[in-house]
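Colleague: Task: produce atomic coordinates for the following.
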Amino acid sequence: MNIEYNKNEDNMKLMVSELRQRMDIIKLGGGKKKIEKLHSQGKLSARERINYLLDDPKDFIEIGGFVGDGMYPEYGGCPSGGVVVGTGHVSGRLCVIVANDATVKAGAWFPITGKKNLRAQEIAMENRIPIIYLVDSAGIFLPLQDEIFADKEHFGRIFRNNAKMSAMGITQISAVMGSCVAGGAYLPIMSDEALIVNKTGTIFLAGSYLVKSAIGENIDNETLGGATTHSEVSGVIDYKVDSDEEALDTIKNLLDKIGKAEQACFNRKEAFPPKMNEKEIYGIIPATRDKQYDMHEIIYRLVDNSEFDEYKKDFGKTIVCGYARIDGWSVGIVANQRKVVKSGRKEMQFGGVIYTDSADKASHFIMNCNQKKIPLIFMHDVTGFMVGSKSENEGIIKDGAKMVNAMANSVVPKFSIVVGNSYGAGNYAMCGKAYDPRLMIAWPTAQIAVMSGAAAAKTLLQIQVATLKAKGETISIDDEEKLLTEITDRYTKQTSPYHAAAHLRVDMIIDPLETRRVISMGIEAANHNPIKEPYITGVIRA
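Modeller: Okay, the predicted model is just below:
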């Protein structure tokens, strides 16, 4: 190991440490005092409920843990979007679990909460796996109601998805474990089966105060919409239970009786760890963006037995393609190469840039994987497509469009891992969020933006300086440097993986050493939804 390796390793360890520290804070939700208040009411917290429900809490893969991070400061923040979401096994069945966090504004729905709930439903729908709702919510956060009601991707879409999933045969089970009011009351009742916890769960379209205001009726919330009312009088609820634990045990029993799911039959064999040390990934990823590294060295430390069958290894070298296994699952890998290389008769190339030959190779490989029903893994460290007259003459736009077409029309499940840069059209071609990856994953080293912070800042500075000059104003060199620093800092913050995760542009930020486990469970989920449509691309220019 050399000094450069040690610097890289130290940098990655610091970033992973920061990741864990930030997540530990987020896991407290609204804080320890509010968790203690739930306990005094005989209730578990959202995360305690999930841990109790799971066959193995360590099995849980959280989706959107950093959602809402740094957002809504005027309202005290919204850690994890006020709802905990993820996948894990319950009674041996892989499920999506959605648990309102009542310590965050009583589990009220902020705009980002709605987006996160829709993402949870999307994962259940595209993988055809059961979804469990642990409901404890005060409903829409009224100060921001116009941002969550009533557009296409707003609150009402949740219930539309309830109906669609039911028609698709996707199991939905809800447990009302606290408040469940107004429009939110439809979510558990549009599920296949619904439970309610006696004395702590209530469900109604309008609470006692609103009922008094609207029709003059005097009634308490328990009589209006408590467990006894809905299990014995209205028949709205299917199971009345006496505690959180009993509710969760009932869900386990219900899932234990479900028939076997269909399978996509993706190829899986006995799993083997990589022969090369996974922890060495820490020392391979450069601490700064101006350094090169060989993506092969990362791949060898992620795949079973460190075995990688590379496709066209001597052609289009700024993209690496090939077949491997991850935790036994057969996968096709498409990865950007940051190492400067020569490709065929071409001159020395820029690492991380997609050239015409690289795009052409990747397109063909993506088509092969679809033909063979092999899930695709995209590993991003891309600055974009090559520019300039030479590339334009070679038809870079045409070949880039071919790659986007082949990827966008893929019928096999796709997974994206942002290792380093994911800039501009490179993000699109490598299956960015807009192209429906089953999971969009970021390492702490990820950056996602139209272009790098340095390039963008210089461009924005030139525009601002030109605008000032057009007005007849002057700007000193010191002021220019100050302005450049301000623009760079602002733009760099926006490229951070935490910014992307807060807005759910990535599903999660993970320690690189968790990559194999996350991808394996992602393919396990995808394996529940057989591929029935043929692989057909759109018009591709020759």
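Colleague: which SSE is residue 378 in?
Modeller: strand 376-382 (DSSP states H and E).
Colleague: Okay, now the sheet partners of the helix or strand following that strand, with direction.
Modeller: Next along the chain after strand 376-382, taking DSSP H and E as the criterion, comes strand 384-385. Strand 384-385 has its sheet partners listed here by DSSP bridges as strand 353-354 (parallel).
Colleague: Quick check: mean pLDDT of the partner strand?
Modeller: For strand 353-354, mean pLDDT rounds to 93.
Colleague: centre of the chain versus that strand, how much separation?
Modeller: Using CA atoms, centre = their mean, to the nearest Å, the mean C-alpha position of strand 353-354 is found 25 Å from that of the whole chain.
Colleague: outside of it, which residues touch it?
Modeller: Applying CB atoms under 8 Å, 6 or more residues apart in numbering, the set of residues contacting strand 353-354 from outside is 318-319, 336, 362, 382-386, 400, 403, 426, 429. The way it works is simple: take the backbone N, C-alpha and C, and place the C-beta from them, glycine included.
Colleague: contacting residues around stretch 379-396?
Modeller: Against stretch 379-396 from outside (CB under 8 Å, 6+ apart): 295, 298-299, 333-336, 338, 350, 352-356, 359, 397, 400, 416-427, 429-430, 446, 451-452.
Colleague: Which ones among the residues you listed map onto helices?
Modeller: Counting by DSSP state H, these place 295, 298-299, 356, 359, 397, 400, 424-427, 429 in helices.
Colleague: among these, who's most crowded?
Modeller: Neighbours here mean other CB atoms under 10 Å. Within the ones in helices among the contacts of stretch 379-396, the largest count is held by residue 429, at 32 neighbours.
Colleague: Is residue 325 inside a helix or a strand, and which specific one?
Modeller: Per DSSP H and E: residue 325 is located in strand 319-326.
Colleague: Quickly run through the sheet partners of that strand, with directions.
Modeller: Per DSSP bridges, strand 319-326 is paired in its sheet with strand 309-311 (antiparallel), strand 329-336 (antiparallel).
Colleague: now the shortest one: how far from the chain's centre is it?
Modeller: On the basis of CA atoms, centre = their mean, strand 309-311 is displaced by 28 Å from the centre of the chain it belongs to.
Colleague: For it, the averaged confidence score.
Modeller: Taken as a whole, strand 309-311 carries a mean pLDDT of 98.
Colleague: again with stretch 411-429
Modeller: Here the average pLDDT along stretch 411-429 is 96.
Colleague: And it, how far out from the chain middle?
Modeller: 13 Å.
Colleague: now do the same end-to-end measure for it.
Modeller: 16 Å (CA to CA, to the nearest Å).
Colleague: Can you check the pLDDT for residue 149?
Modeller: You'll see residue 149 listed with a pLDDT of 90.
Colleague: And for it, nearest residue in space, chain neighbours not counted?
Modeller: residue 155 (5.3 Å; CB to CB, 6 or more residues apart in numbering).
Colleague: OK, contacts around that neighbour?
Modeller: Listed by CB under 8 Å, 6+ apart, the contact set of residue 155 reads 109, 114, 140, 148-149, 183.
Colleague: Report the buried members of the residues you listed.
Modeller: The neighbour-count criterion (16 or more other CB atoms under 10 Å) marks 109, 114, 140, 148-149, 183 among the contacts of residue 155 as buried.
Colleague: Output those in a markdown table, with distance to residue 244 appended to each entry.
Modeller: Rendered in a markdown table, the data for the buried ones among the contacts of residue 155 read as follows (distance: CB to CB, whole Å):
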| residue | distance to residue 244 |
| --- | --- |
| 109 | 21 |
| 114 | 25 |
| 140 | 24 |
| 148 | 27 |
| 149 | 30 |
| 183 | 24 |
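Colleague: Report the two of those residues separated the most.
Modeller: The most widely separated members of the buried ones among the contacts of residue 155, counting by CB to CB, are 114 and 183 (11.2 Å).
Colleague: How far does stretch 476-489 sit from its chain's centre?
Modeller: On the basis of CA atoms, centre = their mean, stretch 476-489 sits 35 Å off its chain's mean C-alpha point.
Colleague: I misspoke; the intended subject was stretch 124-137.
Modeller: 15 Å.
Colleague: JSON lines please, covering the contacts of residue 155 and showing secondary structure.
Modeller: Formatted as JSON lines, the contacts of residue 155 follow (DSSP: H, G, I helix; E, B strand; the rest coil):
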{"residue": "109", "secondary structure": "strand"}
{"residue": "114", "secondary structure": "helix"}
{"residue": "140", "secondary structure": "strand"}
{"residue": "148", "secondary structure": "coil"}
{"residue": "149", "secondary structure": "coil"}
{"residue": "183", "secondary structure": "helix"}
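Colleague: between those residues, which is nearest residue 6?
Modeller: residue 114 (45.3 Å).
Colleague: I'd like to know how far the closest one sits from residue 462.
Modeller: Relative to residue 462, residue 114 is positioned 39 Å away (CB to CB, to the nearest Å).
Colleague: What ranges does the stretch 51-200 of the chain have for its strands?
Modeller: Ranges of strands in the stretch 51-200 of the chain, per DSSP state E, counting those that start in this stretch, are 61-63, 83-90, 93-100, 131-137, 172-181, 193-197.
Colleague: Could you list the low-pLDDT ranges of the stretch 151-300 of the chain?
Modeller: By pLDDT under 70, the stretch 151-300 of the chain contains no weakly predicted segment.
Colleague: mind redoing it with 80?
Modeller: For the stretch 151-300 of the chain, residues meeting the criterion pLDDT under 80 lie at 182-184.
Colleague: So which residues of it form helices?
Modeller: 156-168, 186-189, 208-215, 221-225, 227-228, 244-256, 281-284, 295-300 (DSSP state H, counting those that start in this stretch).
Colleague: got a markdown table for those, with distance to residue 539 too?
Modeller: Shown next, in a markdown table, are the helices of the stretch 151-300 of the chain (distance: least, CB to CB, whole Å):
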| stretch | distance to residue 539 |
| --- | --- |
| helix 156-168 | 31 |
| helix 186-189 | 42 |
| helix 208-215 | 56 |
| helix 221-225 | 56 |
| helix 227-228 | 59 |
| helix 244-256 | 45 |
| helix 281-284 | 40 |
| helix 295-300 | 31 |
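Colleague: among those helices, which is nearest residue 482?
Modeller: helix 281-284 (36.0 Å).
Colleague: who's in contact with the longest helix belonging to the chain?
Modeller: Secondary structure of the chain read by DSSP H shows that its longest helix is helix 3-26. Helix 3-26 has contacts (CB under 8 Å, 6+ apart) with 65-66, 69, 79-80, 281-287, 291, 444-445, 498, 509-512.
Colleague: and if you look at stretch 52-64?
Modeller: So stretch 52-64 is contacted by 44, 50-51, 80-81, 84-92, 97, 116, 119-120, 123, 132, 134, 244-245, 248, 251-252, 501, 504, 507-508, 517-518, 521 (CB under 8 Å, 6+ apart).
Colleague: wait, isn't residue 342 in contact with residue 349?
Modeller: Yes - using CB atoms under 8 Å, residue 342 is in contact with residue 349, at 7.1 Å.
Colleague: between these two, what contacts are shared?
Modeller: Applying CB under 8 Å, 6+ apart, one finds that residue 342 and residue 349 are jointly contacted by residue 317.
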